[in-house]
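Engineer: sequence first, predicted model second:
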Amino acid sequence: MYLSPRFRAFAAGAALLAASALAQAQQALPNVVILATGGTIAGAGASAVNSATYAAAKVGVEKLIAGLPELTKIANVKGEQVFQVASESLTDDNLLTLAKRVSALSKQSDVDGIVITHGTDTLEETAYFLTLTVHTAKPIIVVGSMRPGTALSADGALNLYNAVSVAGSKDAMGKGVLVTMNDEIQSGRDVSKSINIKTEAFKSQWGPLGMVVEGRNYWFRAPVKRHTMQSEFDIDAITALPPVEIAMGYEGVSSTAIDALGKSGIKALIHGGTGNGSVANRIVPNLQKVRADGVIVIRSSRVPDGFVLRNAEQPDDKYDWVVAHDLRPQKARILAMVALTKTSDTKELQRIFWEY
Ligand code: DAS
């Protein structure tokens, strides 16, 4: 078909204008990096009705991003596959590697926010570790899903969309590491996986910080515990995490676990006691021996909500024990490992458990 030179010039000019407008629109969008580690959000089941029976950590980050074209309208997204594992199998070394990558990216001027896709089983521990050790005010969002993307009513796509949306939000800056699950914006410090088979799985006894709905954040409270820029701990100065283990309390408990762990070379033992961090009277001497051998003893509770009162169920001052405040055993372990990179003074450790 003949096209006049005038029309060809007009068409070329229009194409240039469109390309320039698109480039400007893309430049206006925030730059978000997605660090993928595996989990159900990267899982796949045999059929759409397999919402709970599936293989985790199967889908790569590029496929996750390609499967969500809506992301291109809210951010310039880049993906990195850091690990591809179910999160119950992550190690403390994995945690260090991930946190160091997050820290490095957060220092780049061309990165506005970071999303970590993660299995839900230990998502709460990673989120807490990052909020304790990464010095940035930029949004860092940890996200997972309870159903694989192959399942009916899968939750991963919207959870990921929300995570990227919050990661690119200026009003999410300076709030510590966040978790976006089930339309809620949770504090990485406070949140725990509280239901193991529902999409409404992540809870905090102190409530979510807000909600994200259709790409907009609605905030209702802000964290008061120290995090990120206010933290005295810095991942760039941490090369290893000291060994810390957990022993649970329950009716009929023996001292077997406590005695064995106490002699295993650990630096601290978290006791996940009953009630308000109670310790069976027959194993108090065993915990006292663990302390006498130089291991820090930290009283937490197996009860999900509330907080352990110092000197209530046990004379912590007398025994030189520390209490975990409102932290569940698995979170108390994260804080203990981080704190022990700086001090083993029990008064300092107790201050740290009050403040973080
Ligand atoms: N095994 C779980 C994990 O990887 C799957 C999940 O829920 O993400 O944490």
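Structural biologist: Perfect, I can see it now.
Engineer: CA atoms for contacts and neighbours, from now on please.
Structural biologist: Noted.
Engineer: where is the longest helix in this protein?
Structural biologist: Taking DSSP state H as the criterion, the chain has its longest helix at helix 5-28.
Engineer: hey, C-alpha coordinates of that helix in CSV?
Structural biologist: Output of helix 5-28 as CSV, limited to C-alpha atoms (Å, rounded to 0.1, in the frame of the first residue of the first chain):
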residue,chain,number,x,y,z
PRO,A,5,6.2,10.7,2.7
ARG,A,6,4.1,13.1,4.8
PHE,A,7,2.1,10.3,6.3
ARG,A,8,5.2,8.2,6.9
ALA,A,9,6.8,11.1,8.8
PHE,A,10,3.6,11.6,10.8
ALA,A,11,3.5,7.9,11.7
ALA,A,12,7.2,7.8,12.7
GLY,A,13,6.6,10.9,14.9
ALA,A,14,3.6,9.4,16.6
ALA,A,15,5.5,6.2,17.3
LEU,A,16,8.3,8.2,18.8
LEU,A,17,5.9,10.1,21.0
ALA,A,18,4.2,6.9,22.1
ALA,A,19,7.6,5.3,22.9
SER,A,20,8.6,8.3,24.9
ALA,A,21,5.4,8.4,26.8
LEU,A,22,5.7,4.7,27.7
ALA,A,23,9.3,5.2,28.8
GLN,A,24,8.3,8.2,31.0
ALA,A,25,5.4,6.1,32.5
GLN,A,26,7.8,3.2,33.2
GLN,A,27,10.3,5.7,34.8
ALA,A,28,7.5,7.0,37.1
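Engineer: tell me the helix or strand right after it.
Structural biologist: Per DSSP states H and E, the first helix or strand lying C-terminal to helix 5-28 is strand 31-38.
Engineer: partners of that following strand, with directions?
Structural biologist: strand 76-85 (parallel), strand 113-117 (parallel) (DSSP bridges).
Engineer: the ligand is nearest to which of the ones you listed?
Structural biologist: Nearest to the ligand, of all those, is strand 76-85, at 6.6 Å by C-alpha to the nearest ligand atom.
Engineer: residues touching the residue most central in space within the chain, list them.
Structural biologist: Using C-alpha atoms, centre = their mean, the residue of the chain that lies closest to the mean C-alpha position is Ala127, 1.8 Å off. Ala127 makes contact with 142, 177-179, 188-189, according to C-alpha atoms under 8 Å, 6 or more residues apart in numbering.
Engineer: can you put those residues in TSV and add neighbour count?
Structural biologist: As requested, the contacts of Ala127 are exported to TSV (neighbours: other C-alpha atoms under 10 Å):
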residue	neighbour count
Val142	33
Val177	30
Leu178	31
Val179	33
Gly188	30
Arg189	27
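Engineer: restrict those to contacts with the ligand.
Structural biologist: Of the entries in those, none also sits close to the ligand under the rule C-alpha under 6 Å from any ligand atom.
Engineer: residues of the stretch 51-200 of the chain that sit close to the ligand?
Structural biologist: Counting by C-alpha under 6 Å from any ligand atom, the stretch 51-200 of the chain comes close to the ligand at 56, 86-88, 119-122, 144-146.
Engineer: which among the residues you listed gets closest to Asn311?
Structural biologist: Thr122 (30.3 Å; C-alpha to C-alpha).
Engineer: was I right to think the closest one contacts Ser87?
Structural biologist: Yes. At 5.6 Å, Thr122 counts as touching Ser87 under the criterion of C-alpha atoms under 8 Å.
Engineer: quick one: contacts for the closest residue to Asp234 other than its chain neighbours?
Structural biologist: Excluding the flanking residues, the one nearest Asp234 by C-alpha to C-alpha, 6 or more residues apart in numbering is Thr133, at 4.6 Å. Neighbouring residues of Thr133 by C-alpha under 8 Å, 6+ apart: 99, 227-228, 231, 233-235.
Engineer: highest neighbour count among these?
Structural biologist: His227 (28 neighbours; other C-alpha atoms under 10 Å).
Engineer: from Glu355, how far off is that one?
Structural biologist: Distance of His227 to Glu355, computed by C-alpha to C-alpha, to the nearest Å: 9 Å.
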